[in-house]
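In: Here is a sequence with its predicted model. Questions after.
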Amino acid sequence: MSLQQSDSHSIETRRVAIFLVVAYGVAWATAAALFLTGGLTDSPELLPGLGITLATVLLPTAYMFAPALGNVAARLLTGEGRKDLQIRPHLRGSLRVYAVAWFAPVLLTLVGAGVYFAVFSASFDPELTTYTEALRQAAGGDIGIDPWTLVAIQLVAAVTIAPLINMLFAFGEEFGWRAYLLPKLLPLGTRQATLVVGLVWGAWHWPLIAMGYNYGFEYPGAPWTGFLAMCWFTLTTGVFLAWVTLRSESVWPAAIGHGAINAVAGLSVLFVAGQPNPLVGPTPLGLVGGLGWTVAAAWLLWRSEVFTGTPPMDDASSSDTADATTAEAR
């Protein structure tokens, strides 16, 4: 059964409720444990000298995999079993979707950063002064390599290997949000379900935002404005992740896309001079830095057949139409 075909069914409220209780419960309990042990800024070191803290261990594991646990728990507790897991990759018919999921996040993020630095030109530092100084402090002296070389390495990694590495952790979220909650909410309508999932996903981050995650502490209206900004970010990027999921009927393009977003999101910070308002940019988590994502989300919601309900006229759909016409003629 395709994801779109589930639109005619009613919302399975018990399964959705169990999923949300586990997804939020495990994640927020993890956040509470982090808060009680020093938060994100003073998390205790597990391996002194290596920078591995309790937070760096629990965030990509217990916190990020809480939605996946919600998926599993809802299936086990309601007898749903392995129906419509969305874990088959469907590579043969979705290679273009995988390519878009892999490379579009880089383009959209760079567009937003470009707009930000064009508007706030005083914030752009082509000499990488702040970044270079941070490298020198970390190295305890001369870094022995051109900072631009390090930037190039990070950019190449963000386009090549980083999405795959990050995908392993992003799967924990996508197996919950896009592979389970999104299909369950499709009776609301594809657009409405996508937006609701985006808001739920954003609010799920709130304990981390309160502890300085993504936005820090020194911004107007903290942490409340950070809560709102995070929800806007997850709304816009969530449209894209829902689109690749619904087009492929698989969780893997969303996991790759999510991994690519995480890989490229912080690159613009390397070019920043001073202390910009993180609610504005230059990362896609800010309103201006995220303009590329906002435009893409608006276009997809109002033009893509995934959200409008108009079937695409590609070879597969044309073949299906021809087969149906032949059957009716018989």
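Out: It's in.
In: can you count the residues close to L185?
Out: 21 (other C-beta atoms under 10 Å). No exception for glycine: its C-beta is placed from N, CA and C like everyone else's.
In: meant to ask about Y131
Out: 18.
In: Can you tell me the element it falls in?
Out: Per DSSP states H and E, Y131 falls inside helix 129-139.
In: now W28
Out: Applying DSSP H and E as the criterion places W28 in helix 13-36.
In: in this protein, which helix or strand is least confident?
Out: helix 315-329 (a mean of 37; mean pLDDT, DSSP states H and E).
In: residues making contact with the helix holding Y131?
Out: Contacts of helix 129-139 with the rest of the structure, by C-beta atoms under 8 Å, 6 or more residues apart in numbering, involve D125, D142, I143, P147, L150, V151, L270, F271, V272, A273, G274.
In: where's the first one relative to G290, distance?
Out: With the distance defined as C-beta to C-beta, to the nearest Å, D125 ends up 21 Å from G290.
In: Let me see the contact set for E218.
Out: Contacts of E218 by C-beta under 8 Å, 6+ apart are Q275.
In: Retrieve the pLDDT associated with it.
Out: Predicted confidence (pLDDT) for E218: 91.
In: SS state for it?
Out: coil (DSSP: H, G, I helix; E, B strand; the rest coil).
In: Does the residue nearest the centre of the chain fall in a helix, a strand, or a coil region?
Out: For the chain, H258 is the residue whose C-alpha lies nearest the centre (C-alpha atoms, centre = their mean; 4.0 Å). Of the three states, H258 takes helix under three-state DSSP.
In: sorry, back to before: quick one, which of D125 and G290 is more surrounded?
Out: Between D125 and G290, G290 has the larger neighbour count (other C-beta under 10 Å), namely 31 against 16.
In: my guess is that one contacts T236, does it?
Out: Yes: between G290 and T236 a contact is recorded at 6.2 Å, counting by C-beta atoms under 8 Å.
In: sorry, back to before: got a ChimeraX select line for the buried ones in the contacts of helix 129-139?
Out: Remark: buried members of those, expressed as a ChimeraX selection using 16 or more other C-beta atoms under 10 Å:
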select :125,147,150,270,271,272
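In: Remind me what the helix or strand hosting G202 packs against, helices and strands.
Out: Counting by DSSP H and E, the element that carries G202 is helix 190-204. In terms of contacts (3 or more C-beta pairs under 8 Å, 6 or more residues apart in numbering; DSSP states H and E), helix 190-204 is packed against helix 13-36, helix 182-185, helix 224-248, helix 305-308.
In: What strand or helix carries P278?
Out: When the helices and strands are read off by DSSP H and E, none of them contains P278.
In: Look up the closest residue to the residue nearest to the centre of the chain, ignoring the ones flanking it.
Out: Distances taken as C-beta to C-beta, 6 or more residues apart in numbering place A170 nearest to H258, at 3.7 Å, with adjacent residues excluded.
In: quick one: the one you found and A263 touch, right?
Out: No: applying C-beta under 8 Å as the test, A170 and A263 come out as separate, 9.9 Å apart.
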